[in-house]
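Trainee: got a predicted structure plus its sequence, pasted below:
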Number of protein chains: 2
Amino acid sequence: MTPQAASAASRRPRLPKGEGQRLRGEIMAAAERLLIETGSQEAVSIRAVADAVGVTPPSIYRHFADKSELIFEVCARHFAALTDHVRAACEGADDPVERLAALGRAYIDFAVANPEPYRIMFMTGPDDVPAVYQGPGLARSAAFDLLVQCVQDCIDAGRFRPDQTDAYRLALGFWARVHGLTSLRIAKPHMDWPDDPGFVDDYLDVCLWGVVRADDR
Amino acid sequence: MTPQAASAASRRPRLPKGEGQRLRGEIMAAAERLLIETGSQEAVSIRAVADAVGVTPPSIYRHFADKSELIFEVCARHFAALTDHVRAACEGADDPVERLAALGRAYIDFAVANPEPYRIMFMTGPDDVPAVYQGPGLARSAAFDLLVQCVQDCIDAGRFRPDQTDAYRLALGFWARVHGLTSLRIAKPHMDWPDDPGFVDDYLDVCLWGVVRADDR
DNA sequence: GAGATAACCTAACGCAGTTACCCATTTTGG
DNA sequence: CCAAAATGGGTAACTGCGTTAGGTTATCTC
């Protein structure tokens, strides 16, 4: 057995001079694959990623400061995909309130379909999270902007109760409620969840009924 | 230096024959103290706990199958305390809907005040959770029973919309919404949360407005 | 062709959870 | 009263983890 075959994936040839950044992409791809396939953050060890790429562990640190940075960069890409998915769902609804419901549905569906990235991004303690993803950045993300805009549309259309006028505050509340069902289903998948597909719809309806005008229900 | 003083806490004397179970309590107390003081699960290492108790790491395994069992037993005790806190809050309110709001407030306040046990119990992936705490057991816990009862009281008093009749389903939804704000505040404490104390009240009001009868608002 | 530099690797550290195995004390049975 | 068994621990070590210090080799530029 040649020394090159010591790892599971045989060692890759060295990249030419200017293209060291290409390895970064391959590392992220391998980490993403491991994260999705195993569905567990612990399975995405630096050593496992390095082995999948065909590189030694220290080489990872040439492209990522630490494991947390790698994991969160992968998850951020998933968050961008979630944003696209949500945006597409919004474009299918003309009515503002209906659009808000579609947004919530798309959010829940996507997150539950890709649980581990969502769990890492929004359900881990602040100590394990790089500063960039700690919070203030989130409120200025494209997805949150989209939500605020949808809420503002509802307000402008006069669909909300007259005492509900702060779009940021309303968006925060709506997000928290949607996140509640999302995160609970991810954390406790073995609970006795209603398999009725209307459950999510009912959940979102109740969230909206709490803020829409009484004569709009 | 005597060999007994190798650890930070000097070695404790051996317990008499029948009282080996007393060590179990001391282990849990030390683990709980570490968990609360540091606010981080990672700080509660088997070695740190053993050192705090004055015992060697393998002795922990005489009382707990693994680290997960120890941690979750500590968290389960906190969950029991949360239940007590919530029950006390419920007893302060006569009106059923008001009682439900008080329940939610107490739940959020207690969980945010003790973030790490809550995070471990309800925000970690199912792989890290012992089977007993996976879900089905939760729906039959005292706290959830209390919630279902409160919801049922609202239904019986005719305070909810006539199409909302399934107490279990309503309780699940209410829990998820309350959990949403709770878990998001725990995971993202550095976000731009409204410091206005009425924010939580408004949040709960919206959750309830979504299910109460229109003429009851 | 001779630096300079980018792209790696080797070896190792410290810490974690966990296990196999050993030792001492106490109770119990004859 | 004494040996056997059971209980309450300890010693040493294994594996795997994230991470770092420092070396090595190939490529690019002048």
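Mentor: On my side now, so go ahead.
Trainee: OK, contacts around A:Arg24?
Mentor: For A:Arg24, the contacting residues are A:His63, A:Phe64, by Cβ atoms under 8 Å, 6 or more residues apart in numbering or on different chains. The C-beta positions use only the backbone N, C-alpha and C, and glycine is treated the same way.
Trainee: check which helix or strand covers it.
Mentor: Secondary structure from DSSP states H and E places A:Arg24 in helix A:21-38.
Trainee: any residue of that helix touching DNA strand D?
Mentor: No - judged by Cβ under 7 Å from any atom of the strand, helix A:21-38 stays clear of DNA strand D, getting no closer than 10.2 Å.
Trainee: can I get that helix in CSV, CA atoms only?
Mentor: Output of helix A:21-38 as CSV, limited to C-alpha atoms (Å, rounded to 0.1, in the frame of the first residue of the first chain):
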residue,chain,number,x,y,z
GLN,A,21,-9.1,29.2,-3.2
ARG,A,22,-10.6,26.4,-5.2
LEU,A,23,-9.9,24.1,-2.2
ARG,A,24,-12.0,26.3,-0.1
GLY,A,25,-15.0,25.6,-2.3
GLU,A,26,-14.3,21.8,-2.2
ILE,A,27,-14.0,21.9,1.6
MET,A,28,-17.4,23.6,1.9
ALA,A,29,-19.0,21.2,-0.5
ALA,A,30,-17.6,18.2,1.4
ALA,A,31,-18.7,19.7,4.7
GLU,A,32,-22.2,20.4,3.4
ARG,A,33,-22.5,16.9,2.0
LEU,A,34,-21.5,15.4,5.4
LEU,A,35,-23.8,17.7,7.2
ILE,A,36,-26.8,16.8,5.1
GLU,A,37,-26.1,13.1,4.7
THR,A,38,-25.5,12.5,8.4
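Trainee: what does the average pLDDT come to for that helix?
Mentor: Helix A:21-38 shows a mean pLDDT of 96.
Trainee: the helix or strand that it is followed by near DNA strand D at all?
Mentor: Sequence-wise, the next helix or strand downstream of helix A:21-38 (DSSP H and E) is helix A:46-53. Yes - Helix A:46-53 comes into contact with DNA strand D (Cβ under 7 Å from any atom of the strand), by way of A:Ile46, A:Arg47, A:Ala48.
Trainee: so how far is chain B from the second one?
Mentor: The span separating A:Arg47 from chain B equals 19 Å under the rule Cβ to the nearest Cβ, to the nearest Å.
Trainee: check the last one too.
Mentor: Noted for A:Ala48: a distance of 16 Å to chain B, by Cβ to the nearest Cβ.
Trainee: give me the nearest residue to that residue, chain neighbours excluded.
Mentor: Spatial nearest neighbour of A:Ala48, excluding adjacent residues (Cβ to Cβ, 6 or more residues apart in numbering or on different chains): A:Leu34 at 6.1 Å.
Trainee: show me the contacts for A:Trp193.
Mentor: A:Arg185, A:Phe199, B:Leu172.
Trainee: now do the longest helix along chain A: which elements does it pack against?
Mentor: Using DSSP state H, we find that the single longest helix of chain A is helix A:67-91. Where contact means 3 or more Cβ pairs under 8 Å, 6 or more residues apart in numbering or on different chains; DSSP states H and E, helix A:67-91 is packed against helix A:21-38, helix A:46-53, helix A:96-113, helix A:115-123, helix A:142-156.
Trainee: would the particular helix or strand that has A:Asp201 in it count as contacting chain B?
Mentor: Per DSSP H and E: A:Asp201 is located in helix A:198-209. Yes - using Cβ under 8 Å from any Cβ of the partner chain, helix A:198-209 reaches chain B at A:Phe199, A:Asp202, A:Tyr203, A:Asp205, A:Val206, A:Cys207, A:Leu208, A:Trp209.
Trainee: A:Thr38 versus the fourth one, what's the distance?
Mentor: Distance check for A:Asp205 against A:Thr38: by Cβ to Cβ, to the nearest Å, it reads 36 Å.
Trainee: pick out whichever of those two has more residues nearby.
Mentor: A:Asp205 (17 against 14; other Cβ atoms under 10 Å in any protein chain shown).
Trainee: so which bits of the helix holding A:Arg24 are buried?
Mentor: Within helix A:21-38, the residues scored as buried using 16 or more other Cβ atoms under 10 Å in any protein chain shown are A:Leu23, A:Glu26, A:Ile27, A:Met28, A:Ala30, A:Ala31, A:Glu32, A:Leu34, A:Leu35.
Trainee: can you pull the contacts of the spatially closest residue to the fourth one that is not a sequence neighbour?
Mentor: On the basis of Cβ to Cβ, 6+ apart, the spatially nearest residue to A:Met28 that is not a chain neighbour turns out to be A:Val74, at 5.7 Å. Applying Cβ under 8 Å, 6+ apart to A:Val74 gives the contacts A:Met28, A:Ala31, A:Glu32, A:Leu35, A:Pro117.
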